[in-house]
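Colleague: Sequence and computational prediction follow.
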Amino acid sequence: MSKNYKVLEVSVVVFKVLSWISLAIGIIAAIVIFVGGGTPEAPRSTGFIGLLLGIVYFFSFIIAAEIIKLLLEVRSKVDKGA
């Protein structure tokens with residue numbers, strides 16, 4: 001890749017790391033709520049919401065990383081003149 005796009009190359013890695021962290025946090029939050037039995041402030045259905053949000057954030061960050069990677073590949077093809 002070009003030297004001009006180092007920030008974008010790093011952001012691909014950051015987004016992938018964030019995606020796995022968000023998935024892990026969503027799973028852990030759901031497990032804690034399910035095992036804890038829920039309270040009136042946080043019923044067990046909140047665990048499903050936490051899990052769902054973790055999955056949504058996981059896919060959002062993965063998609064963002066893949067789009068940036070795709071754009072970098074397109075740019076490298078344009079720079080090479082192919």
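Modeller: Sure thing, it's come through. Numbers count the residues shown, from 1 in each chain.

Colleague: Which secondary structure state does V74 sit in?
Modeller: The local conformation at V74, judged by DSSP: H, G, I helix; E, B strand; the rest coil, is helix.

Colleague: Would you agree S22 is in contact with Y57?
Modeller: Yes: assessed by C-beta atoms under 8 Å, S22 is found in contact with Y57 at 3.8 Å. The way it works is simple: take the backbone N, C-alpha and C, and place the C-beta from them, glycine included.

Colleague: So those two - more neighbours on which side?
Modeller: Per other C-beta atoms under 10 Å, whichever of S22 and Y57 has more neighbours is S22, with 20 against 17.

Colleague: sec struct for that one, please.
Modeller: Relying on three-state DSSP, one would call S22 helix.

Colleague: mind listing what it touches?
Modeller: Contact partners of S22, counting by C-beta atoms under 8 Å, 6 or more residues apart in numbering, are 54, 57-58, 61.

Colleague: repeat for V12
Modeller: When contacts are counted by C-beta under 8 Å, 6+ apart, V12 touches 65, 68-69, 72.

Colleague: how does it look with 10 Å?
Modeller: By C-beta atoms under 10 Å, 6 or more residues apart in numbering, the residues touching V12 are 1, 64-69, 72.

Colleague: Ok, F61 next?
Modeller: The contact partners of F61, by C-beta under 10 Å, 6+ apart, come to 14-23.

Colleague: Okay, helices next: where are they in the chain?
Modeller: 6-36, 45-80 (DSSP state H).

Colleague: would JSON lines of these with mean pLDDT be doable?
Modeller: Shown next, in JSON lines, are the helices of the chain (pLDDT from 0 to 100):
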{"stretch": "helix 6-36", "mean pLDDT": "92"}
{"stretch": "helix 45-80", "mean pLDDT": "91"}
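
Colleague: Please pick the buried ones from the contacts of V12.
Modeller: Buried by 16 or more other C-beta atoms under 10 Å: 64-65, 68-69, 72, out of the contacts of V12.
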